[in-house]
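S.K.: Starting from these lines, generate the structure:
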Amino acid sequence: MKQLLPLVFLIYSAVGVAAQDAETSDETFEHPRIVSGETADLNEFLWLNRPLIVFADSPADPRFIQQMEYLSARLDALAERDVIVLVDTNPTADGTLRKKLRPRGFMLVLIGKDGTKYLRKPFPWDVREITRVIDKLPLRQQEIRDGLGGS
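M.R.: Below is the predicted model of the structure:
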C-alpha cells in the first residue's frame, strides 16, 4: 500500500492540475496510451485502437483514482491489445464522448475496434478483468490466430 501512495499522489496531482486548466488546455498524461477524452472523437480510433473511456465527475473521485491505479499498473497488457485510455473528469465541458455515452458519475466503457460498446461499468475494474473481456472479442481472437497479438 505504501508503494501505491506516491502513484496515487502523482495521478491525483497531474489530473487535478489538468482539470483546473481544462478551459485553457487539454489534459496531459505521462503515458502516450492515456489521453484526454474531453475533445476525443471515437472515429479516429476506428479499426486502430480499442478505446477504454474512464469518466468521473472529478479527478478526486476515489473510484477514478482506483481505476487509474489499476490501469497504470498494467499498461503493457493494455498496449498488447491496442487499448487507448481516454480520460474525462470534467462534466461541465460536455464533450462529444459525454454526449454519446451519457455517464452518470464514474463510468468505465470499453469500445471495440469496430466501434461497438462491449463493456459499461459503474465501478473500477482490474486490468486482468478488462483483458479477459477483450480476449473474448471476435476481432481479438482473429488477431491472436493471425499472430498479430495487437500491433
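S.K.: Leu46: how many residues sit nearby?
M.R.: Neighbourhood size, Leu46 [other Cβ atoms under 10 Å]: 14. Any C-beta I mention is one placed from the backbone N, CA and C, and that applies to glycine too.
S.K.: In this structure, what residue spans correspond to strands?
M.R.: Taking DSSP state E as the test, the strands found in the chain are 34-36, 50-55, 83-88, 107-111, 117-121.
S.K.: Report pLDDT for the residue nearest to Leu86 when sequence neighbours are not counted.
M.R.: The shortest distance from Leu86 to any non-neighbouring residue, by Cβ to Cβ, 6 or more residues apart in numbering, is to Gly37 (3.2 Å). pLDDT for Gly37: 93.
S.K.: repeat for Asp94
M.R.: 80.
S.K.: quick revisit: what are the phi and psi values for the residue nearest to Leu86?
M.R.: phi -100, psi 0 (degrees, to the nearest 10).
S.K.: for the one 4 residues further on, same thing?
M.R.: According to degrees, to the nearest 10, the main-chain angles of Asp41 amount to phi -120, psi 120.
S.K.: pretty sure it contacts Lys100?
M.R.: No - with contact defined as Cβ atoms under 8 Å, Asp41 does not count as touching Lys100 (10.0 Å).
S.K.: Show me what Leu110 bridges to in the sheet.
M.R.: Beta-bridge pairing for Leu110 (DSSP bridges): Leu52, Leu119.
S.K.: re the thing from before, of the strands of the chain, which is nearest Asp61?
M.R.: strand 50-55 (9.5 Å; Cβ to Cβ).
S.K.: Which residue comes closest to the residue nearest to the spatial centre of the chain once chain neighbours are left out?
M.R.: The residue lying closest to the centre of the chain (Cα atoms, centre = their mean) is Val85, at 2.9 Å. With sequence-adjacent residues excluded and distances taken as Cβ to Cβ, 6+ apart, Val85 is closest to Ile34, at 4.5 Å.
S.K.: ok, the one you found - contacts?
M.R.: Counting by Cβ atoms under 8 Å, 6 or more residues apart in numbering, Ile34 touches Leu71, Ser72, Leu75, Val85, Val87.
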